[in-house]
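J.: with the input below, show me the fold.
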Amino acid sequence: MRRLRNVKVVATLGPASETYEMIRALHEAGADVFRLNMSHGTHDEIRSKHQIIRQVEQDLNSPIAILADLQGPKLRVGAFANGEELLEEGARFRLDLDEAEGDVTRVCLPHPEIFAALKPGAHLLVNDGKIRLKVDSYGKDFAECTVITGGVISNRKGVNVPDVVLPLAALSAKDRKDLEFACELGVDWLALSFVQRPRDVEEARELARGRAAILSKIEKPAAVDNFDAILAVSDGIMVARGDLGVELPVQAVPPIQKRLTRKCRNAAKPVIVATQMLESMIESPMPTRAEVSDVATAIYEGVDAVMLSAESAAGSYPVEAVTTMDKVAVEVEADENYMQIIAASRGERKYGVAEGIVAAAREIAETTNIKAICCFTQSGTTGLLTARERPRVPILALTSLERTARRLCLSWGCNCVIVGELERFKMAVVSAARAARAGGFAVETDQIVVMAGVPFNVPGTTNILRVAPCDERLIYNTDPG
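T.: Numbering: from 1, shown residues only. This next block holds a predicted model:
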């Protein structure tokens, strides 16, 4: 299913989008990737959504990526005798391990690992940062705090600890079960929450055993500080602006988003920008102008994908939200300034053979009348390298591996096509020409660029570039391979 834009749209599924009819409508409206939130729903409910997505994929003959988002450790206060209390600014408030119900002076925080990592002056944020506590003193089972920002605190509200690296693994016991379930189910990507250090990602990769690609969610200050090392061991990145905006000053998030996006592109790894992109569309059929500008800004920065959360999972207008994302992307990418910005942000890199061939393909395509760049890719690396170049012409990522086609659905500009295994370069050119014509990217009188590796079906061997006609008769008459 050809899109008229390069950036991809990720749609979260939930109560508002769990039927075959709705999931198909979302894909037809522009959703390229479906996110399954493992924080909500049983395994049976997740399995049902997965089966529907694969049925839609089969019915429309259109590869679809599925992203399973692991919950991560959840840090929460305990319960209050009155259900809630009002904390006044300047008041003293104690957090401890006592399981007795709380009052206006204290409440249980059943996480000894937090107390073990605290230091004087550290801040604890409750209920998405609406309540801010400053640690005055602490021990192995308590923290005495001053209320810096007051408000209503109620049962089991979430706690953020922005100032310290917590001695917690990114994978809870629930996450480990969910990870195994999702991998056995056959998802394409695993989103890892609560990442603080590279080891968190490596642990998930060891458990996944190659069955799914690992996408690290950047939502903690420690992850920003360790970003280069985390990126090196990740297959992709999500800039999760929700928790990031709680744990860091909100004004710090936009430059972080821009900086991380640039680094991901230089590393040829896909990056998603997520959280509150079209938040008002949960209840309104129209977005705010600020939301449209937010989505457009991410696209101008060169992200691979923009994501909908509650808008498509629980909102009243899921199809309209996806349609809006699609229209904004089409409009932005039609702006003549867009490709100038994208080209200007293309980083200087040392080239190997594959990188050089991909860069040459983009240069040829942009200086001649080439209609598409067709790359044969088994591991997906050549597709990722081609996407990094952000060419002005469409990218056709051709592969015999269904898994590779699905994973590349998350990458900028990749139109994924599943083809049979090939043994000769001539047949690769023929297959590319047929795919370009069938997808409406070219006609017989046009030319395409074809990249492949010989020997075929061996990852990491991209070593051939050919400018080829889309007319098969000319290919057979002129190509000795």
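J.: is it correct that Glu99 is in contact with Cys108?
T.: Yes: Glu99 is within contact range of Cys108, at 5.4 Å (criterion: CB atoms under 8 Å). Every residue, glycine included, has its C-beta placed from N, CA and C.
J.: shared neighbours of the two, anything?
T.: Gly78 (CB atoms under 8 Å, 6 or more residues apart in numbering).
J.: looking at these two, which one has more neighbours?
T.: Per other CB atoms under 10 Å, whichever of Glu99 and Cys108 has more neighbours is Cys108, with 18 against 9.
J.: contacting residues around the more buried one?
T.: Cys108 neighbours (CB under 8 Å, 6+ apart): 77-79, 95-100, 102.
J.: now which of those would you call buried?
T.: Among those, those scoring as buried are 77-79, 95-96, 98, 102 (criterion: 16 or more other CB atoms under 10 Å).
J.: next, format those as TSV and append pLDDT, secondary structure and distance to Leu26.
T.: Converted to TSV, those look like this (pLDDT from 0 to 100; DSSP: H, G, I helix; E, B strand; the rest coil; distance: CB to CB, whole Å):
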residue	pLDDT	secondary structure	distance to Leu26
Val77	97	coil	36
Gly78	97	coil	39
Ala79	97	coil	38
Leu95	98	strand	42
Asp96	97	strand	46
Asp98	97	coil	47
Gly102	97	strand	42
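J.: so who does Lys130 touch?
T.: Residues counted as contacts of Lys130 (CB under 8 Å, 6+ apart) are 149, 151.
J.: ok, so of the contacts of Cys108, who is nearest Asn127?
T.: Set against Asn127, the nearest of the contacts of Cys108 by CB to CB is Val77 (9.0 Å).
J.: I figured the closest one hits His111, correct?
T.: No: using CB under 8 Å, Val77 is not in contact with His111; the gap is 9.4 Å.
J.: overlap in contacts, these two.
T.: Shared contacts of Val77 and His111 (CB under 8 Å, 6+ apart): Val159.
J.: could I get the full set of strands for the stretch 351-481 of the chain?
T.: Per DSSP state E, counting those that start in this stretch, the stretch 351-481 of the chain carries strands over the ranges 370-376, 395-399, 414-418, 447-453, 462-469.
J.: what's the closest non-adjacent residue to Arg205?
T.: Closest residue to Arg205 apart from its sequence neighbours, by CB to CB, 6 or more residues apart in numbering: Ile214 at 5.3 Å.
J.: just checking, the one you found is part of a helix?
T.: No: counting by DSSP: H, G, I helix; E, B strand; the rest coil, Ile214 falls outside a helix, being strand.
J.: what's the spacing between it and Thr386?
T.: Ile214 is 21 Å from Thr386, where distance means CB to CB, to the nearest Å.
J.: how about Glu444?
T.: Glu444 sits 24 Å away from Thr386 when distances are taken as CB to CB.
J.: these two: who's more crowded?
T.: Higher neighbour count among Glu444 and Thr386: Thr386, with 32 against 12, using other CB under 10 Å.
J.: for the more buried one, give me its contacts.
T.: Thr386 neighbours (CB under 8 Å, 6+ apart): 358, 361-362, 373, 375, 395, 397, 413-414, 451.
J.: with Asp96 instead?
T.: Counted by CB under 8 Å, 6+ apart, Asp96 has contacts 106, 108-109, 141-143.
J.: just the helices in the stretch 301-450 of the chain please.
T.: For the stretch 301-450 of the chain, the helices defined by DSSP state H, counting those that start in this stretch occupy 310-313, 318-334, 336-344, 353-367, 381-389, 402-408, 425-438.
J.: let's have these in TSV, adding mean pLDDT and distance to Val152.
T.: Formatted as TSV, the helices of the stretch 301-450 of the chain follow (pLDDT from 0 to 100; distance: least, CB to CB, whole Å):
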stretch	mean pLDDT	distance to Val152
helix 310-313	97	22
helix 318-334	98	31
helix 336-344	94	44
helix 353-367	93	55
helix 381-389	96	47
helix 402-408	97	44
helix 425-438	93	58
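J.: quick one: which of those is nearest Pro270?
T.: helix 381-389 (7.5 Å).
J.: tell me the angle of that closest one relative to strand 370-376?
T.: Inter-element angle recorded for helix 381-389 and strand 370-376: 140 degrees (by axes from the mean of the first three to the mean of the last three CA atoms, to 10 degrees).
J.: what about helix 381-389, distance to the chain center?
T.: 17 Å (CA atoms, centre = their mean, to the nearest Å).
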